[in-house]
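# the following comprises the amino acid sequence and a computationally predicted model.
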Amino acid sequence: MLEFVAEVLRECSKQEYNGTYCGVTRRNDVKKNMLKAVIVTGLLAAMGSVQAEDEGSSQAEDDSGLGLGLAIKGSTLGNGFEIGKSLNENFNVRLGLSSLSQSDNQTIDDVEYDTELDFSSTALYLDYHPFKGTFHLTLGYINSANALNATAQPAIPVEIGTVIYQPGDIGQLDATIDFKSGPYLGFGWGNVPASGFGFSLELGILQSGAPKASLVASNLSAAITSNQAAMDSLNTALRKEEANMQADLNEFELFPVIAAGISYGF
């Protein structure tokens, strides 16, 4: 089962996130990527100081409106929308909702698995526009109900923990990897409350902590359910397999967030 979970996450990284581990970035990779981000941010800051006059005029247009905007966005957290409100010429607050659902079918070690990526999150952001223009730094919190679910109905012997079980003993295995909520830190371009149509691009990191793994067996044979020792052995094997899965997931504490969208301010 451990090999399956690793394979599913590897496939997810190849198909969906191009270098991340099912949307979760390794610590070393994050350090390298964030270093690049800091360099880019520094260059943008220099550009922003030169363009401050033009950006100030953009802010003046925002001041003539209601300071309220709506945005449609797509991101690594899913698709959704945001509502933004200008607090003053430097600060905005945003509330966002997003979701993503995708199913797949994979055969690993001759066992067929059904997998489903189910993301749903609510986010609250505070944007700081140091140059009173589109460039901003963001601090926020993302409340997530994100999970990767996998179901298998083994047709061949399967190893759980260190015990081999026959297909007739276990009818179904259900593995779940839950991603947690956490603080968000990022930067980007765009101003949702600014008057008229606008485009936004954001890069950031969600510090959600290590995902939590769980494993459940069902549709058990009578030989197991009628024997307490066999049930205890199975439960011990499941918990050991969970611990193995969790050990592999503990190093993945950061979730990369990349978002782009179109906004309209009133």
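Sure thing, it's come through. Numbers count the residues shown, from 1 in each chain.
# contacting residues around the residue lying closest to residue 80 once chain neighbours are set aside?
The spatially closest residue to residue 80, leaving aside those adjacent along the chain, is residue 98, at 3.2 Å (CB to CB, 6 or more residues apart in numbering). The C-beta positions use only the backbone N, C-alpha and C, and glycine is treated the same way. By CB atoms under 8 Å, 6 or more residues apart in numbering, residue 98 lies in contact with 73, 75, 77-80, 119-121, 123.
# list buried members of those residues by neighbour count.
Buried residues within the contacts of residue 98, counting neighbours by 16 or more other CB atoms under 10 Å: 73, 75, 77-78, 80, 119-121, 123.
# in strands, which of these appear?
73, 75, 78, 80, 119-121, 123 (DSSP state E).
# of those, which is the nearest to residue 241?
Nearest to residue 241 among those, counting by CB to CB, is residue 119 at 24.8 Å.
# so what's the closest one up against?
Residue 119 is in contact with 77-78, 98-101, 144-147, counting by CB under 8 Å, 6+ apart.
# let me know the closest of the residues you listed to residue 217.
When those are ranked by distance to residue 217 (CB to CB), residue 147 comes first, at 18.6 Å.
# hang on, the earlier thing: write a ChimeraX command that selects only the buried members of the contacts of residue 119.
In ChimeraX syntax, the buried subset of these is picked out as below (16+ other CB under 10 Å):
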select :77,78,98,100,144,146,147
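# quick check: beta-bridge partners of the residue nearest to residue 80?
residue 80, residue 121 (DSSP bridges).
# how close does it sit to residue 118?
12 Å (CB to CB, to the nearest Å).
# same check, this time on residue 141
To residue 118, residue 141 is 21 Å away according to CB to CB.
# for residue 152, same thing?
For residue 152, the distance to residue 118 - CB to CB - is 17 Å.
# okay, these two: which has more neighbours?
residue 152 (20 against 16; other CB atoms under 10 Å).
# the more buried one and residue 173 touch, don't they?
Yes - at 4.7 Å, residue 152 counts as touching residue 173 under the criterion of CB atoms under 8 Å.
# least trustworthy helix or strand in this protein by mean pLDDT?
Here the helix or strand of the chain ranked lowest by mean pLDDT, DSSP states H and E is helix 52-63, holding a mean of 41.
# which intervals of the stretch 101-250 of the chain have sub-threshold pLDDT?
For the stretch 101-250 of the chain, the stretches flagged by pLDDT under 70 are 108-111.
# in it, which spans are helices?
Under the criterion DSSP state H, counting those that start in this stretch, the stretch 101-250 of the chain contains helices at 222-225, 228-249.
# quick one: contacts of the first one?
Contacts of helix 222-225 with the rest of the structure, by CB under 8 Å, 6+ apart, involve 169-170, 230-231, 234.
# how distant is it from the center of its chain?
39 Å (CA atoms, centre = their mean, to the nearest Å).
# put the alpha carbons of it into CSV.
Only the C-alpha atoms of helix 222-225 are listed here, as CSV (Å, rounded to 0.1, in the frame of the first residue of the first chain):
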residue,chain,number,x,y,z
ALA,A,222,-15.7,-13.9,7.6
ALA,A,223,-12.4,-15.5,8.5
ILE,A,224,-11.2,-12.1,9.7
THR,A,225,-14.3,-10.6,11.2
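# coming back round to it: and the contacts of helix 222-225 as TSV, adding distance to residue 197?
Output for the contacts of helix 222-225, formatted as TSV (distance: CB to CB, whole Å):
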residue	distance to residue 197
169	60
170	56
230	65
231	62
234	59
